[in-house]
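Engineer: need coordinates for the following:
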Amino acid sequence: MIEFNTTEFEFSHGKQPRGHGDWAFLLQAINRADRVIWIHGSYGEAKKQARKTARELRYYRVKVLP
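Structural biologist: Residues are numbered from 1 along each chain as shown. Got it, this is the predicted structure:
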């Protein structure tokens, strides 16, 4: 299961992520280097792609970056 965290984004923007644009996601796993990916599109589609990428690369947590 991939855990999504939007806390930093919400603190920075004062609202939940939504809309269309460029989205940065931080992929995290135990004993592995973090990895940042950028996805352009709607937040919903970007989140789906980030989840798919995290699963393929065996990361367990995804943070939405501000």
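
Engineer: by residue count, which helix of this structure is the longest?
Structural biologist: helix 43-57 (DSSP state H).

Engineer: list the helices and strands that helix packs on?
Structural biologist: Counting contacts by 3 or more C-beta pairs under 8 Å, 6 or more residues apart in numbering; DSSP states H and E, helix 43-57 packs against strand 20-28, strand 35-42, strand 61-64. All C-beta spots, glycine's among them, are computed from the backbone N, C-alpha and C.

Engineer: ok, Glu8 touching Phe25?
Structural biologist: No: using C-beta atoms under 8 Å, Glu8 makes no contact with Phe25, being 11.3 Å away.

Engineer: for the longest helix of the chain, buried residues please.
Structural biologist: Tyr43, Ala46, Lys47, Gln49, Ala50, Arg51, Thr53, Ala54 (16 or more other C-beta atoms under 10 Å).

Engineer: ok, the residues you listed vs Lys15, which is closest?
Structural biologist: Among those, Tyr43 lies closest to Lys15 (C-beta to C-beta), at 11.4 Å.

Engineer: skipping adjacent residues, who's closest to Glu8 in space?
Structural biologist: Spatially, and ignoring its direct neighbours in sequence, Glu8 is nearest to Pro66 (5.6 Å; C-beta to C-beta, 6 or more residues apart in numbering).

Engineer: what about that neighbour, neighbour count?
Structural biologist: 12 (other C-beta atoms under 10 Å).

Engineer: my guess is it contacts Pro17, does it?
Structural biologist: No: counting by C-beta under 8 Å, Pro66 sits too far from Pro17 to count as a contact (9.3 Å).

Engineer: show me the contacts for the spatially most central residue of the chain.
Structural biologist: The centroid of the chain falls nearest to Phe25 when counting by C-alpha atoms, centre = their mean (3.2 Å). Phe25 makes contacts with Val36, Ile37, Trp38, Ile39, Ala46, Ala50, Ala54, Val62, Lys63, Val64, Leu65, as judged by C-beta atoms under 8 Å, 6 or more residues apart in numbering.
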